[in-house]
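Chemist: Sequence plus the predicted model coming up.
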Amino acid sequence: MSAAVVEEKARAHLVTDAPDGHRAIRVALRYDPEAPDADIRVAVPGSPGDIEWDLPRALLEKGLRTPTGSGSVRVWPCGRVQAVIEFHSESGVMVLQFDCVALVRFLRRTYAVTATPTTSSTV
């Protein structure tokens, strides 16, 4: 029996240096436990080129508690109820700010589909 793919839409704020500062957007979060690297995919529909990024699930989880990063992705808590995910590429930087509750809910769902008697998470 294969584990189910977890998909969820989340509200985020695209943080820019434009005069209006933040713009609310919908982001698609996806986790496929059958994928070779089993990363979390973050997709920004409607962005130029429909931007998609992959990040390790453990990186996202750790970034909710303490600043962390790996390669072109950085995650850190922002106050008590928000978290920031920063993506770097040759074309620039994208900064997304999320409510932690949405990310925690998504992470819990990913651990639920991969749960075994020895699997535990701090989320």
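Modeler: Yep, that arrived.
Chemist: only C-alpha atoms for contact and neighbour calcs from this point on.
Modeler: OK.
Chemist: any idea which helix is longest in the chain?
Modeler: helix 100-113 (DSSP state H).
Chemist: By mean pLDDT, flag the weakest helix or strand of this structure.
Modeler: strand 51-55 (a mean of 89; mean pLDDT, DSSP states H and E).
Chemist: Name the residues that touch that one?
Modeler: D39, I40, R41, V42, A43, V44, P45, V73, F87 (CA atoms under 8 Å, 6 or more residues apart in numbering).
Chemist: By neighbour count, which of the residues you listed wins?
Modeler: I40 (24 neighbours; other CA atoms under 10 Å).
Chemist: Surely that one and R30 touch.
Modeler: Yes - counting by CA atoms under 8 Å, R30 is a contact partner of I40 at 5.7 Å.
Chemist: rewinding a little: buried residues in the longest helix of the chain, which are they?
Modeler: C100, L103, F106, L107, R109, T110, Y111, A112, V113 (16 or more other CA atoms under 10 Å).
Chemist: distance of the third one from V95?
Modeler: If you measure F106 against V95 using CA to CA, to the nearest Å, the figure is 19 Å.
Chemist: Can you pull out the low-pLDDT segments for the protein?
Modeler: 1-2, 21, 47-49, 116-123 (pLDDT under 70).
Chemist: Helices of that one, start to end?
Modeler: Counting by DSSP H, the helices of the chain are 57-63, 100-113.
Chemist: Please name the strands paired to the least confident helix or strand of the chain in the sheet, noting orientation.
Modeler: strand 40-44 (antiparallel) (DSSP bridges).
Chemist: so who does A83 touch?
Modeler: G63, L64, V75, W76, P77, Q97, F98, D99, C100.
Chemist: With distance to H13 as extra columns, can I get the residues you listed in TSV?
Modeler: Formatted as TSV, these follow (distance: CA to CA, whole Å):
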residue	distance to H13
G63	17
L64	16
V75	14
W76	15
P77	14
Q97	5
F98	7
D99	9
C100	12
